[in-house]
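A.B. asks: coords below, sequence missing:
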(Lines give C-alpha, C1' and ligand atoms only; values in the text may rest on other atoms or scores of the structure.)
Protein backbone atom coordinates (compact mmCIF):
# COMPACT_ATOMS: atom_id res chain seq x y z
CA UNK A 1 0.00 0.00 0.00
CA UNK A 2 2.84 2.33 0.86
CA UNK A 3 4.53 1.69 -2.50
CA UNK A 4 1.20 2.37 -4.30
CA UNK A 5 1.17 5.89 -2.88
CA UNK A 6 4.78 6.48 -3.93
CA UNK A 7 4.04 5.28 -7.45
CA UNK A 8 0.97 7.56 -7.68
CA UNK A 9 2.94 10.59 -6.53
CA UNK A 10 5.80 9.84 -8.93
CA UNK A 11 3.31 9.37 -11.77
CA UNK A 12 1.61 12.66 -10.93
CA UNK A 13 4.91 14.53 -10.93
CA UNK A 14 5.89 12.81 -14.17
CA UNK A 15 2.74 14.04 -15.90
CA UNK A 16 3.38 17.61 -14.69
CA UNK A 17 6.96 17.62 -15.94
CA UNK A 18 5.92 16.02 -19.24
CA UNK A 19 3.23 18.67 -19.78
CA UNK A 20 5.76 21.38 -18.87
CA UNK A 21 8.27 19.98 -21.36
CA UNK A 22 5.67 19.95 -24.18
CA UNK A 23 4.46 23.44 -23.43
CA UNK A 24 7.92 24.93 -23.13
CA UNK A 25 8.95 23.27 -26.37
CA UNK A 26 5.91 24.67 -28.13
CA UNK A 27 6.52 28.07 -26.58
CA UNK A 28 10.09 28.15 -27.92
CA UNK A 29 8.84 27.32 -31.41
CA UNK A 30 5.93 29.75 -31.45
CA UNK A 31 7.03 32.43 -29.02
CA UNK A 32 8.84 34.57 -31.56
CA UNK A 33 5.92 34.45 -33.99
CA UNK A 34 3.43 35.38 -31.27
CA UNK A 35 5.50 38.34 -30.11
CA UNK A 36 5.82 39.61 -33.67
CA UNK A 37 2.19 39.21 -34.67
CA UNK A 38 0.13 39.72 -31.53
CA UNK A 39 0.46 42.33 -28.83
CA UNK A 40 -1.76 42.63 -25.77
CA UNK A 41 -5.27 43.68 -26.92
CA UNK A 42 -6.62 47.07 -25.89
CA UNK A 43 -10.25 47.72 -25.03
CA UNK A 44 -10.52 51.19 -26.54
CA UNK A 45 -12.75 51.13 -29.64
CA UNK A 46 -12.43 47.35 -29.71
CA UNK A 47 -14.71 45.76 -32.25
CA UNK A 48 -13.64 42.61 -34.17
CA UNK A 49 -12.90 43.17 -37.82
CA UNK A 50 -13.02 46.95 -37.76
CA UNK A 51 -11.41 49.95 -36.14
CA UNK A 52 -14.67 51.88 -36.07
CA UNK A 53 -15.90 52.79 -32.55
CA UNK A 54 -19.37 51.66 -31.57
CA UNK A 55 -20.98 53.35 -28.59
CA UNK A 56 -24.57 53.00 -29.75
CA UNK A 57 -25.94 51.01 -26.84
CA UNK A 58 -25.20 49.22 -23.61
CA UNK A 59 -25.66 45.93 -25.42
CA UNK A 60 -23.01 46.71 -28.03
CA UNK A 61 -20.59 47.79 -25.31
CA UNK A 62 -21.28 44.54 -23.47
CA UNK A 63 -20.52 42.61 -26.64
CA UNK A 64 -17.29 44.55 -27.04
CA UNK A 65 -16.34 43.59 -23.50
CA UNK A 66 -17.08 39.92 -24.24
CA UNK A 67 -15.02 40.00 -27.42
CA UNK A 68 -12.21 41.74 -25.58
CA UNK A 69 -12.26 39.00 -22.92
CA UNK A 70 -12.16 36.35 -25.65
CA UNK A 71 -9.11 38.00 -27.20
CA UNK A 72 -7.33 38.10 -23.83
CA UNK A 73 -8.26 34.44 -23.21
CA UNK A 74 -6.87 33.49 -26.62
CA UNK A 75 -3.61 35.31 -25.92
CA UNK A 76 -3.16 33.65 -22.54
CA UNK A 77 -3.95 30.21 -23.94
CA UNK A 78 -1.11 30.73 -26.43
CA UNK A 79 1.40 32.17 -23.97
CA UNK A 80 0.42 30.76 -20.58
CA UNK A 81 -1.31 27.46 -21.26
CA UNK A 82 0.36 25.63 -18.38
CA UNK A 83 -2.24 26.81 -15.87
CA UNK A 84 -5.15 24.86 -17.38
CA UNK A 85 -2.96 21.86 -18.18
CA UNK A 86 -1.65 21.71 -14.62
CA UNK A 87 -5.19 21.89 -13.25
CA UNK A 88 -6.41 19.15 -15.61
CA UNK A 89 -3.54 16.91 -14.51
CA UNK A 90 -4.16 17.77 -10.86
CA UNK A 91 -7.90 17.08 -11.23
CA UNK A 92 -7.25 13.74 -12.95
CA UNK A 93 -4.95 12.44 -10.23
CA UNK A 94 -7.03 13.77 -7.34
CA UNK A 95 -10.28 12.38 -8.76
CA UNK A 96 -9.16 9.10 -10.30
CA UNK A 97 -6.21 7.96 -8.21
CA UNK A 98 -6.92 9.44 -4.80
CA UNK A 99 -10.75 9.74 -5.07
CA UNK A 100 -10.52 13.33 -3.78
CA UNK A 101 -12.55 16.31 -4.95
CA UNK A 102 -10.04 18.85 -6.36
CA UNK A 103 -12.11 21.93 -5.34
CA UNK A 104 -14.36 20.83 -2.43
CA UNK A 105 -15.24 24.35 -1.29
CA UNK A 106 -16.71 25.16 -4.70
CA UNK A 107 -18.24 21.89 -5.89
CA UNK A 108 -19.25 18.81 -3.88
CA UNK A 109 -19.70 15.42 -5.52
CA UNK A 110 -22.66 13.43 -4.24
CA UNK A 111 -24.16 10.03 -4.92
CA UNK A 112 -25.63 9.10 -8.32
CA UNK A 113 -23.45 11.66 -10.16
CA UNK A 114 -25.06 14.66 -8.43
CA UNK A 115 -22.94 17.80 -8.04
CA UNK A 116 -23.66 20.49 -5.43
CA UNK A 117 -22.38 23.95 -4.56
CA UNK A 118 -19.85 24.15 -1.72
CA UNK A 119 -19.48 26.82 0.94
CA UNK A 120 -17.62 29.24 -1.34
CA UNK A 121 -21.06 30.29 -2.59
CA UNK A 122 -22.90 31.93 0.32
CA UNK A 123 -22.27 28.94 2.59
CA UNK A 124 -24.65 26.89 0.42
CA UNK A 125 -23.64 23.51 1.86
CA UNK A 126 -23.60 24.56 5.53
CA UNK A 127 -26.92 26.37 5.18
CA UNK A 128 -28.63 23.39 3.56
CA UNK A 129 -27.31 21.04 6.26
CA UNK A 130 -28.28 23.34 9.14
CA UNK A 131 -24.76 24.25 10.27
CA UNK A 132 -25.16 27.98 9.59
CA UNK A 133 -28.19 29.63 11.21
CA UNK A 134 -29.63 33.10 11.80
CA UNK A 135 -29.51 34.81 15.18
CA UNK A 136 -32.20 37.05 16.64
CA UNK A 137 -30.85 40.33 15.28
CA UNK A 138 -31.18 39.15 11.68
CA UNK A 139 -34.95 38.93 11.92
CA UNK A 140 -35.29 42.51 13.14
CA UNK A 141 -33.63 43.67 9.93
CA UNK A 142 -35.74 41.32 7.79
CA UNK A 143 -38.91 42.42 9.55
CA UNK A 144 -38.21 46.07 8.79
CA UNK A 145 -37.43 45.51 5.11
CA UNK A 146 -40.23 43.07 4.29
CA UNK A 147 -43.05 44.94 5.98
CA UNK A 148 -41.91 48.31 4.62
CA UNK A 149 -42.14 46.86 1.10
CA UNK A 150 -45.55 45.35 1.81
CA UNK A 151 -46.89 48.66 3.15
CA UNK A 152 -45.44 50.61 0.22
CA UNK A 153 -47.12 48.27 -2.28
CA UNK A 154 -50.42 48.11 -0.38
CA UNK A 155 -50.68 51.91 -0.57
CA UNK A 156 -50.62 51.49 -4.36
CA UNK A 157 -53.05 48.57 -4.48
CA UNK A 158 -50.39 46.00 -5.37
CA UNK A 159 -50.26 42.49 -3.88
CA UNK A 160 -46.86 41.31 -2.61
CA UNK A 161 -45.47 37.77 -2.43
CA UNK A 162 -42.06 36.41 -1.48
CA UNK A 163 -40.96 33.00 -2.77
CA UNK A 164 -37.84 31.06 -1.77
CA UNK A 165 -36.30 28.71 -4.34
CA UNK A 166 -34.57 25.92 -2.39
CA UNK A 167 -30.95 24.94 -2.81
CA UNK A 168 -30.56 21.71 -4.74
CA UNK A 169 -29.08 20.05 -1.64
CA UNK A 170 -32.25 20.92 0.30
CA UNK A 171 -34.26 18.77 -2.09
CA UNK A 172 -31.68 16.02 -2.64
CA UNK A 173 -30.14 16.00 0.82
CA UNK A 174 -29.65 12.22 0.78
CA UNK A 175 -27.17 12.49 -2.11
CA UNK A 176 -24.57 13.75 0.39
CA UNK A 177 -25.21 11.45 3.38
CA UNK A 178 -23.75 13.69 6.08
CA UNK A 179 -25.69 14.21 9.29
CA UNK A 180 -27.43 17.56 9.59
CA UNK A 181 -26.20 20.00 12.21
CA UNK A 182 -29.75 20.80 13.37
CA UNK A 183 -33.32 20.10 12.32
CA UNK A 184 -33.72 23.66 11.08
CA UNK A 185 -32.11 25.90 8.47
CA UNK A 186 -32.08 29.61 7.66
CA UNK A 187 -34.92 28.98 5.20
CA UNK A 188 -37.07 27.26 7.84
CA UNK A 189 -36.23 29.92 10.42
CA UNK A 190 -37.26 32.69 8.02
CA UNK A 191 -40.52 31.05 6.94
CA UNK A 192 -41.52 30.29 10.53
CA UNK A 193 -40.70 33.80 11.72
CA UNK A 194 -42.82 35.54 9.10
CA UNK A 195 -45.66 33.04 9.51
CA UNK A 196 -45.76 34.04 13.17
CA UNK A 197 -46.02 37.70 12.05
CA UNK A 198 -48.91 37.03 9.68
CA UNK A 199 -46.93 37.17 6.43
CA UNK A 200 -46.74 33.88 4.52
CA UNK A 201 -43.51 33.36 2.60
CA UNK A 202 -43.90 30.77 -0.15
CA UNK A 203 -41.40 28.01 0.61
CA UNK A 204 -41.14 26.23 -2.73
CA UNK A 205 -39.40 23.24 -1.16
CA UNK A 206 -42.81 22.02 0.08
CA UNK A 207 -43.89 20.93 -3.41
CA UNK A 208 -40.47 20.06 -4.80
CA UNK A 209 -39.68 17.56 -2.04
CA UNK A 210 -42.95 15.74 -2.78
CA UNK A 211 -42.12 15.51 -6.49
CA UNK A 212 -38.34 15.00 -6.18
CA UNK A 213 -38.32 11.46 -7.60
CA UNK A 214 -39.19 12.92 -11.00
CA UNK A 215 -35.76 14.57 -11.21
CA UNK A 216 -36.36 18.30 -10.74
CA UNK A 217 -32.80 19.68 -10.75
CA UNK A 218 -29.93 19.22 -13.16
CA UNK A 219 -27.37 16.83 -11.78
CA UNK A 220 -24.46 18.97 -13.00
CA UNK A 221 -25.99 22.42 -12.44
CA UNK A 222 -27.14 24.52 -9.49
CA UNK A 223 -30.60 25.15 -11.00
CA UNK A 224 -33.87 23.35 -11.28
CA UNK A 225 -34.76 22.07 -14.75
CA UNK A 226 -38.01 22.94 -16.54
CA UNK A 227 -39.98 20.29 -14.67
CA UNK A 228 -38.74 21.60 -11.34
CA UNK A 229 -39.57 25.15 -12.45
CA UNK A 230 -43.09 23.98 -13.36
CA UNK A 231 -43.80 22.45 -9.94
CA UNK A 232 -42.42 25.57 -8.24
CA UNK A 233 -44.70 27.66 -10.49
CA UNK A 234 -47.68 25.52 -9.41
CA UNK A 235 -47.03 26.29 -5.74
CA UNK A 236 -46.57 29.99 -6.48
CA UNK A 237 -49.80 30.12 -8.50
CA UNK A 238 -51.72 28.23 -5.81
CA UNK A 239 -50.84 31.02 -3.36
CA UNK A 240 -51.69 33.79 -5.84
CA UNK A 241 -55.03 32.22 -6.85
CA UNK A 242 -56.28 32.64 -3.27
CA UNK A 243 -56.27 36.40 -3.91
CA UNK A 244 -56.80 36.33 -7.69
CA UNK A 245 -59.05 33.36 -8.55
CA UNK A 246 -59.20 34.38 -12.23
CA UNK A 247 -55.55 33.35 -12.72
CA UNK A 248 -55.18 30.45 -15.15
CA UNK A 249 -52.82 27.72 -13.90
CA UNK A 250 -51.34 25.24 -16.34
CA UNK A 251 -51.89 21.56 -15.67
CA UNK A 252 -49.70 18.69 -16.78
CA UNK A 253 -52.21 18.05 -19.58
CA UNK A 254 -51.25 21.43 -21.11
CA UNK A 255 -47.75 20.35 -22.15
CA UNK A 256 -45.69 17.49 -23.48
CA UNK A 257 -42.35 16.44 -22.04
CA UNK A 258 -39.28 15.75 -24.15
CA UNK A 259 -35.93 14.56 -22.78
CA UNK A 260 -33.00 16.67 -23.92
CA UNK A 261 -29.29 15.95 -23.52
CA UNK A 262 -27.10 18.60 -21.86
CA UNK A 263 -23.32 18.85 -21.58
CA UNK A 264 -21.13 20.85 -19.17
CA UNK A 265 -23.70 22.67 -17.03
CA UNK A 266 -22.30 25.21 -14.54
CA UNK A 267 -21.03 22.83 -11.83
CA UNK A 268 -19.43 20.52 -14.39
CA UNK A 269 -17.68 23.51 -15.94
CA UNK A 270 -16.18 24.39 -12.56
CA UNK A 271 -14.66 20.89 -12.41
CA UNK A 272 -13.64 21.08 -16.08
CA UNK A 273 -15.34 17.78 -16.82
CA UNK A 274 -17.40 16.68 -19.82
CA UNK A 275 -20.38 15.27 -17.94
CA UNK A 276 -23.52 14.65 -19.97
CA UNK A 277 -27.01 14.30 -18.63
CA UNK A 278 -30.61 14.18 -19.78
CA UNK A 279 -33.26 16.56 -18.45
CA UNK A 280 -36.90 17.20 -19.36
CA UNK A 281 -38.02 20.05 -21.62
CA UNK A 282 -41.69 21.07 -21.50
CA UNK A 283 -43.56 22.10 -24.65
CA UNK A 284 -46.82 24.04 -24.17
CA UNK A 285 -49.47 22.57 -26.48
CA UNK A 286 -51.42 25.77 -27.15
CA UNK A 287 -49.23 28.73 -26.13
CA UNK A 288 -50.98 32.08 -25.76
CA UNK A 289 -48.28 34.35 -24.35
CA UNK A 290 -46.16 36.25 -26.86
CA UNK A 291 -42.76 37.77 -26.15
CA UNK A 292 -42.60 41.53 -26.67
CA UNK A 293 -39.80 44.07 -26.79
CA UNK A 294 -37.94 45.14 -23.65
CA UNK A 295 -38.85 48.57 -22.30
CA UNK A 296 -36.69 49.18 -19.24
CA UNK A 297 -33.33 50.89 -19.03
CA UNK A 298 -30.57 48.60 -17.78
CA UNK A 299 -29.15 50.00 -14.51
CA UNK A 300 -25.46 50.66 -14.02
CA UNK A 301 -25.15 48.12 -11.21
CA UNK A 302 -26.31 45.23 -13.41
CA UNK A 303 -23.19 43.33 -14.50
CA UNK A 304 -24.75 40.34 -16.27
CA UNK A 305 -25.67 39.85 -19.92
CA UNK A 306 -28.06 42.74 -20.73
CA UNK A 307 -30.07 40.43 -22.99
CA UNK A 308 -31.04 38.53 -19.83
CA UNK A 309 -32.05 41.50 -17.72
CA UNK A 310 -35.71 41.76 -18.78
CA UNK A 311 -38.26 39.23 -20.06
CA UNK A 312 -41.64 40.61 -21.16
CA UNK A 313 -44.76 38.82 -22.44
CA UNK A 314 -48.38 39.65 -23.25
CA UNK A 315 -51.50 37.56 -23.81
CA UNK A 316 -55.29 37.83 -23.64
CA UNK A 317 -55.84 35.26 -20.88
CA UNK A 318 -56.82 38.00 -18.35
CA UNK A 319 -56.12 41.62 -17.45
CA UNK A 320 -53.66 40.91 -14.63
CA UNK A 321 -50.05 42.06 -14.73
CA UNK A 322 -47.32 40.34 -12.70
CA UNK A 323 -43.83 41.69 -12.03
CA UNK A 324 -41.20 39.20 -10.85
CA UNK A 325 -38.04 40.56 -9.24
CA UNK A 326 -35.75 37.58 -8.81
CA UNK A 327 -32.51 35.81 -9.57
CA UNK A 328 -31.70 33.21 -12.23
CA UNK A 329 -34.21 30.74 -10.75
CA UNK A 330 -37.08 33.18 -11.38
CA UNK A 331 -36.28 33.43 -15.09
CA UNK A 332 -37.17 29.73 -15.48
CA UNK A 333 -40.83 30.63 -14.83
CA UNK A 334 -41.29 32.68 -17.98
CA UNK A 335 -42.56 29.73 -20.06
CA UNK A 336 -45.40 29.16 -17.57
CA UNK A 337 -46.24 32.62 -16.27
CA UNK A 338 -46.85 33.95 -19.79
CA UNK A 339 -49.76 31.48 -20.05
CA UNK A 340 -51.30 32.60 -16.74
CA UNK A 341 -51.26 36.42 -16.87
CA UNK A 342 -52.23 39.08 -19.38
CA UNK A 343 -48.85 40.72 -18.93
CA UNK A 344 -45.62 39.35 -17.46
CA UNK A 345 -42.42 41.22 -16.67
CA UNK A 346 -39.50 39.29 -15.18
CA UNK A 347 -36.42 41.23 -14.06
CA UNK A 348 -33.26 39.27 -13.31
CA UNK A 349 -32.40 41.10 -10.09
CA UNK A 350 -34.37 41.20 -6.85
CA UNK A 351 -33.65 44.79 -5.84
CA UNK A 352 -36.93 46.41 -4.91
CA UNK A 353 -36.77 49.48 -7.14
CA UNK A 354 -39.65 51.94 -6.81
CA UNK A 355 -38.74 53.33 -10.24
CA UNK A 356 -39.54 50.04 -11.97
CA UNK A 357 -42.70 49.38 -9.99
CA UNK A 358 -44.09 52.88 -10.57
CA UNK A 359 -43.34 52.57 -14.27
CA UNK A 360 -44.84 49.10 -14.68
CA UNK A 361 -47.93 49.53 -12.44
CA UNK A 362 -48.39 45.78 -11.84
CA UNK A 363 -51.23 44.11 -9.95
CA UNK A 364 -48.80 41.63 -8.37
CA UNK A 365 -45.14 41.80 -7.34
CA UNK A 366 -43.22 38.60 -6.60
CA UNK A 367 -39.81 38.77 -4.96
CA UNK A 368 -37.97 35.49 -5.60
CA UNK A 369 -34.81 34.58 -3.69
CA UNK A 370 -32.73 31.43 -3.95
CA UNK A 371 -32.24 29.87 -0.51
CA UNK A 372 -28.51 30.61 -0.38
CA UNK A 373 -29.29 34.28 -1.01
CA UNK A 374 -31.95 34.63 1.66
CA UNK A 375 -29.83 37.18 3.57
CA UNK A 376 -30.78 39.71 0.90
CA UNK A 377 -34.14 40.03 2.63
CA UNK A 378 -32.27 42.07 5.24
CA UNK A 379 -30.49 44.48 2.93
CA UNK A 380 -32.92 45.32 0.11
CA UNK A 381 -35.11 48.28 1.15
CA UNK A 382 -37.46 50.11 -1.18
CA UNK A 383 -35.10 51.79 -3.65
CA UNK A 384 -36.30 55.40 -4.07
CA UNK A 385 -37.31 56.90 -7.40
CA UNK A 386 -34.43 58.92 -8.82
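C.D. replies: Structure's in. What do you need? On a predicted model such as this, the values are computed, not experimentally measured, just so you know.

A.B. asks: what about the residue sitting nearest the centre point of the chain, distance to residue 221?
C.D. replies: Centroid-nearest residue in the chain, with C-alpha atoms, centre = their mean: residue 328, separated by 4.3 Å. As judged by C-beta to C-beta, to the nearest Å, residue 328 and residue 221 stand 10 Å apart. Bear in mind the C-beta positions are built from the backbone N, C-alpha and C, glycine included.

A.B. asks: do residue 151 as well
C.D. replies: For residue 151, the distance to residue 221 - C-beta to C-beta - is 38 Å.

A.B. asks: Between the two, tell me which one has more neighbours.
C.D. replies: residue 221 (19 against 11; other C-beta atoms under 10 Å).

A.B. asks: Sketch out the helices for this protein, chain order is fine.
C.D. replies: Secondary structure of the chain (DSSP state H): helices at 2-37, 58-79, 82-92, 124-128, 136-154, 168-171, 186-196, 205-210, 226-241, 266-271, 328-331, 334-337, 354-360, 376-379.

A.B. asks: any idea how the protein splits into domains?
C.D. replies: Here the domain parsing of the chain from automatic domain parsing is 2-100, 124-377.

A.B. asks: Out of the ones you listed, which gets nearest to residue 111?
C.D. replies: Taking C-beta to C-beta, domain 124-377 is the member of the domains of the chain nearest to residue 111, at 4.8 Å.

A.B. asks: can you give me the offset of the closest one from its chain's centre?
C.D. replies: Chain-centre distance of domain 124-377: 10 Å, with C-alpha atoms, centre = their mean, to the nearest Å.

A.B. asks: First-to-last residue distance for that domain?
C.D. replies: The first residue of domain 124-377 is 16 Å away from its last residue (C-alpha to C-alpha, to the nearest Å).

A.B. asks: Same question for stretch 199-213.
C.D. replies: Stretch 199-213 has its terminal residues 31 Å apart, counting by C-alpha to C-alpha.

A.B. asks: and what of stretch 316-336?
C.D. replies: One end of stretch 316-336 to the other measures 14 Å (C-alpha to C-alpha).

A.B. asks: what does stretch 211-219 give?
C.D. replies: Its first and final residues considered, stretch 211-219 spans 16 Å by C-alpha to C-alpha.

A.B. asks: quick one: average pLDDT of that stretch?
C.D. replies: Mean pLDDT, computed over stretch 211-219, is 97.

A.B. asks: Looks like residue 261 contacts residue 281 (just checking).
C.D. replies: No - counting by C-beta atoms under 8 Å, residue 261 does not reach residue 281; the two are 10.4 Å apart.
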